[in-house]
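**Student:** I'd like to go over a predicted model; first the sequence, then the structure.
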Amino acid sequence: MQRSTILLAVMAAALPLAACGSSTEPANNSAAAATTNGTEMSADTLGAKVRALPEGQRRGVLFRAIRDAGPNGSSCQSVTAMKEAAPTNGNPTWDAVCDDKTQWTIVLTADQSASVTGPGPVTIKK
């Protein structure tokens with residue numbers, strides 16, 4: 001099992017959305033505030049942030065976690081299917097398929113990282 005830091009990927013995926021608001025609205029920088037003020041974000045909070053992302057950005061977060069997981073993940077070129085799975089030990093979990101060939105399981109953890117396991121046979125559909 002490899003561990004991959006995922007908070008930066010979530011923040012990077014959310015940055016383009018921050019530019020969509022009008023300049024008179026206060027920015028919602030809760031993810032940035034959680035990392036800059038020294039408080040730790042719970043796995044459930046991180047899971048909610050990933051869940052709230054548009055599908056393309058969520059695919060990007062899962063892709064980054066898989067690619068950062070080590071040599072086996074580095075061959076992944078794109079996440080072609082994904083679905084949220086049952087929590088693992090109470091932590092938010094997603095299954096993702098790379099290149100229609102291999103399936104990975106990504107478990108978000110309280111230390112703002114992800115436990116990534118795989119590759120394995122594909123069991124989810126697009």
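**Tutor:** Everything's here; your move.
**Student:** Can you find the helix or strand in the chain with the smallest mean pLDDT?
**Tutor:** Ranking every helix and strand in the chain by mean pLDDT, DSSP states H and E puts helix 30-36 at the bottom, with a mean of 38.
**Student:** Would you mind identifying the next helix or strand past that one?
**Tutor:** helix 43-52 (DSSP states H and E).
**Student:** Using PDB, write out every CA atom in that following helix.
**Tutor:** In PDB, the C-alpha atoms belonging to helix 43-52 read as follows (Å, rounded to 0.1, in the frame of the first residue of the first chain):
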ATOM      1  CA  ALA A  43     -11.000  12.500   6.500                       C
ATOM      2  CA  ASP A  44     -14.700  13.200   6.300                       C
ATOM      3  CA  THR A  45     -14.200  16.900   5.500                       C
ATOM      4  CA  LEU A  46     -11.600  16.000   2.900                       C
ATOM      5  CA  GLY A  47     -14.000  13.400   1.500                       C
ATOM      6  CA  ALA A  48     -16.800  16.000   1.300                       C
ATOM      7  CA  LYS A  49     -14.500  18.400  -0.600                       C
ATOM      8  CA  VAL A  50     -13.600  15.700  -3.100                       C
ATOM      9  CA  ARG A  51     -17.300  14.700  -3.400                       C
ATOM     10  CA  ALA A  52     -18.300  18.300  -4.100                       C
END
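**Student:** Report the buried residues of that helix.
**Tutor:** In terms of neighbour count (16 or more other CB atoms under 10 Å), helix 43-52 has its buried residues at 43, 45-47, 49-50. (Glycine included, C-beta is placed from N, CA and C.)
**Student:** Same check on stretch 76-86?
**Tutor:** 76, 79, 82.
**Student:** Kindly report the same for stretch 84-93.
**Tutor:** 88, 91-93.
**Student:** Tell me which stretches of this structure form strands.
**Tutor:** 2-5, 79-88, 91-98, 102-108, 113-120 (DSSP state E).
**Student:** What strands flank the fourth one, and is each parallel or antiparallel?
**Tutor:** It refers to strand 102-108. strand 91-98 (antiparallel), strand 113-120 (antiparallel) (DSSP bridges).
**Student:** could I get these as CSV with distance to residue 58 and mean pLDDT?
**Tutor:** Shown next, in CSV, are the strands paired with strand 102-108 (distance: least, CB to CB, whole Å; pLDDT from 0 to 100):
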stretch, distance to residue 58, mean pLDDT
strand 91-98, 8, 95
strand 113-120, 13, 90
